[in-house]
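**Student:** can you look at this prediction? I've put the sequence above it.
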Amino acid sequence: AYRKFGMPLPEALGAIIANAGAGSSAAGLATELSDILGDGGEAGSTSKGKEKGKPKLRPSPAPTGLPSAAPPATGVPKFSNSTGGAGSVANTPEAGDVEYLAPVTIGGQTVNMDFDSGSSDLWVFNTQLSLNTLSGHMAYNPAQSSTFQLLPGSTFSISYGDGSGAAGNVGTDTVNIGGATVTGQAIELATDVSTSFVTDTQSTGLIGLAFSKLNTVKPVQQKTFFDNALATLPEPVFTADLRHNAAGTYEFGAIDSTKFSGPLAWTPVNTTSGFWQFTSQAFAVGGGAPSTSVPGGQAIADTGTTLMLADQSVVDGYYSQVQGAVNNATVGGVTFPCSATLPDLQIDVGGTMATVRGDDINFAPVDQTGTTCFGGLQATTVQPQIYGDIFFKSNFVAFNGGNNSLGVAPH
Ligand SMILES: CNCc1ccc(Oc2cccnc2)o1
């Protein structure tokens, strides 16, 4: 679900400086950038003929409507980069459960972001982007944050499994998610975003919750919010409670057992890939006999992927039990009559069979008449398999960064 590409530093910074109509040495570039970002850098610039100081980029008249930040946790030593409280925020599915957004407060500015357990960069729409790009979006304005600090010379560049991506420069600020607070969190400021992010106006960016080894910031890799918060959270966990067309919850530092039924089934995570990766070698359809030899036999828990992308053997086995299911090349995946009754899928998670409800595998109609529907379970030819939001809608998942394990239970 994740591919890195590197953007050469000068090109990245050059793009920013181009906006300010000046170019100069690397040091100069950093100065220019700090002028643009208004982080108290020296007014004036090395470029000729410009009046003192740089024009401050103003946020587009995007609906910011930024409510005030949650009250900071109190009584915590100043030196820690996390202030130790647990935090809980409601998440909201976009139309069609395409992605799940939740509020994040950065330097006192609250924006809605896509929580992604399949990547490890926290990047935001911000006032360096053109007004066209920002149109309709909320935007983080580093110049309005008294706690923002630029990381001179740092850049990021990331691409995702659906071909989308973003790139830009980097600073740090205080991040508060429902009360869980980290100071000095790397905030990646996009200066380039792909089209599908521009059109996705409800999202102000992504907050990566996979392992920090996947973070794309150069020259010094940065840590995720969860990594920074770990040491001081009451429990070293975050949990995902995603629902179909209804509000759910992301929680840091605690496991709310009212959110799921029965005990959590825990499985060890292999962190080598940087993902929350676990063994998944078997499946069954509608309570039938399990198949126990899924090639590769690995999967990742990825809240940033809409669907559930499994090995072809799982997809074929499942849809062989669905009347009228066809591989629809035009649409790009398996479709079936919207009137079909979809069986539940039982899928192996580290030795325990988890259930994905058949209802949740009916993802969306592909036509105006609602005759033909697109499957939430689709095939991937790459490994590991990617268990995205379709899986999470039937399963509450706890991510334990203390002992690198996943807890799963039906909800
Ligand atoms: C829909 N394209 C924009 C977009 C929203 C979220 C993401 O990020 C992704 C995409 C696929 C997998 N993981 C994260 O891209």
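**Tutor:** Yep, it's here.

**Student:** which residues does the residue of the stretch 251-400 of the chain found nearest the ligand contact?
**Tutor:** Using CB to the nearest ligand atom, G304 is the residue of the stretch 251-400 of the chain that sits closest to the ligand, at 3.3 Å. No exception for glycine: its C-beta is placed from N, CA and C like everyone else's. G304 makes contacts with A1, E99, D114, F115, D116, S117, G118, S119, Y160, L206, G388, as judged by CB atoms under 8 Å, 6 or more residues apart in numbering.

**Student:** burial count for the residue nearest to V193 when sequence neighbours are not counted?
**Tutor:** Nearest non-adjacent residue to V193, counting by CB to CB, 6 or more residues apart in numbering: A166, 4.7 Å away. Residues lying near A166 (other CB atoms under 10 Å) number 24.

**Student:** do any residues in the host helix or strand of A166 lie close to the ligand?
**Tutor:** For A166, the host element (DSSP states H and E) is strand 165-177. No. Strand 165-177 stays clear of the ligand (CB under 6 Å from any ligand atom), getting no nearer than 8.2 Å.

**Student:** other SSEs contacting that strand?
**Tutor:** Secondary-structure packing of strand 165-177 (3 or more CB pairs under 8 Å, 6 or more residues apart in numbering; DSSP states H and E): helix 9-20, strand 87-93, strand 100-106, strand 122-124, strand 149-160, strand 180-193, strand 205-208.

**Student:** okay but S164 is in contact with S194, surely?
**Tutor:** Yes. With contact defined as CB atoms under 8 Å, S164 counts as touching S194 (4.4 Å).

**Student:** so T258, which of the three states?
**Tutor:** helix (DSSP: H, G, I helix; E, B strand; the rest coil).

**Student:** burial measure for it, as a count.
**Tutor:** By the criterion of other CB under 10 Å, T258 has 6 neighbours.

**Student:** where does it land on pLDDT?
**Tutor:** Predicted confidence (pLDDT) at T258: the value is 97.

**Student:** quickly note the distance from it to P234.
**Tutor:** Per CB to CB, to the nearest Å, T258 is found 17 Å from P234.

**Student:** C-alpha coordinates for stretch 265-278, PDB please?
**Tutor:** Output of stretch 265-278 as PDB, limited to C-alpha atoms (Å, rounded to 0.1, in the frame of the first residue of the first chain):
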ATOM      1  CA  ALA A 265      -7.700 -12.000  19.900                       C
ATOM      2  CA  TRP A 266      -4.100 -10.900  20.000                       C
ATOM      3  CA  THR A 267      -1.600 -11.700  17.200                       C
ATOM      4  CA  PRO A 268       2.100 -10.800  16.900                       C
ATOM      5  CA  VAL A 269       3.000  -8.200  14.300                       C
ATOM      6  CA  ASN A 270       6.100  -8.500  12.100                       C
ATOM      7  CA  THR A 271       7.400  -5.000  11.900                       C
ATOM      8  CA  THR A 272      10.100  -5.800   9.300                       C
ATOM      9  CA  SER A 273       8.100  -4.200   6.500                       C
ATOM     10  CA  GLY A 274       7.200  -1.200   8.600                       C
ATOM     11  CA  PHE A 275       3.500  -2.100   8.400                       C
ATOM     12  CA  TRP A 276       1.200  -3.700  11.000                       C
ATOM     13  CA  GLN A 277       1.700  -7.100   9.400                       C
ATOM     14  CA  PHE A 278       0.400 -10.400  10.600                       C
END
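
**Student:** sheet partners, orientation included, of the one helix or strand T239 maps to?
**Tutor:** Using DSSP H and E, T239 sits in strand 237-243. Using DSSP bridges, strand 237-243 pairs in its sheet with strand 246-252 (antiparallel), strand 395-400 (antiparallel).

**Student:** got the contact list for the helix or strand just after the first one?
**Tutor:** Later in the chain than strand 246-252, the nearest helix or strand by DSSP H and E is strand 265-268. Taking contacts as CB under 8 Å, 6+ apart, the residues outside strand 265-268 that touch it are 278-279, 349-352, 354, 400, 404-409.

**Student:** which of these fall in strands?
**Tutor:** F278, T279, V349, T352, A354, N400, S405, L406, G407, V408, A409 (DSSP state E).

**Student:** for the closest residue to D302 other than its chain neighbours, which three-state class applies?
**Tutor:** Closest residue to D302 apart from its sequence neighbours, by CB to CB, 6+ apart: G118 at 3.4 Å. Under three-state DSSP, G118 falls in the coil class.

**Student:** what's across from the most centrally placed residue in the chain in the sheet?
**Tutor:** By CA atoms, centre = their mean, the mean C-alpha position of the chain lies nearest to D116, the distance being 2.3 Å. Beta-bridge pairing of D116 under DSSP bridges involves G208.

**Student:** in a helix, the residue of the stretch 251-400 of the chain closest to the ligand, correct?
**Tutor:** No. Residue state for G304 (three-state DSSP) corresponds to coil; a helix is not indicated.

**Student:** quick check: pLDDT value at it.
**Tutor:** For G304, the model assigns a pLDDT of 98.

**Student:** same question, G38
**Tutor:** The score at G38 is 35. That number is its pLDDT.

**Student:** likewise for the one 4 residues further on?
**Tutor:** As predicted, E42 sits at a pLDDT of 30.

**Student:** filter the ones in strands among the contacts of strand 265-268 to the buried ones?
**Tutor:** F278, T279, V349, A354, N400, S405, L406, G407, V408, A409 (16 or more other CB atoms under 10 Å).

**Student:** please name the bridge partners of the fifth one.
**Tutor:** Just to be clear, that refers to N400. Applying DSSP bridges, one finds that N400 bridges with V237, S405.
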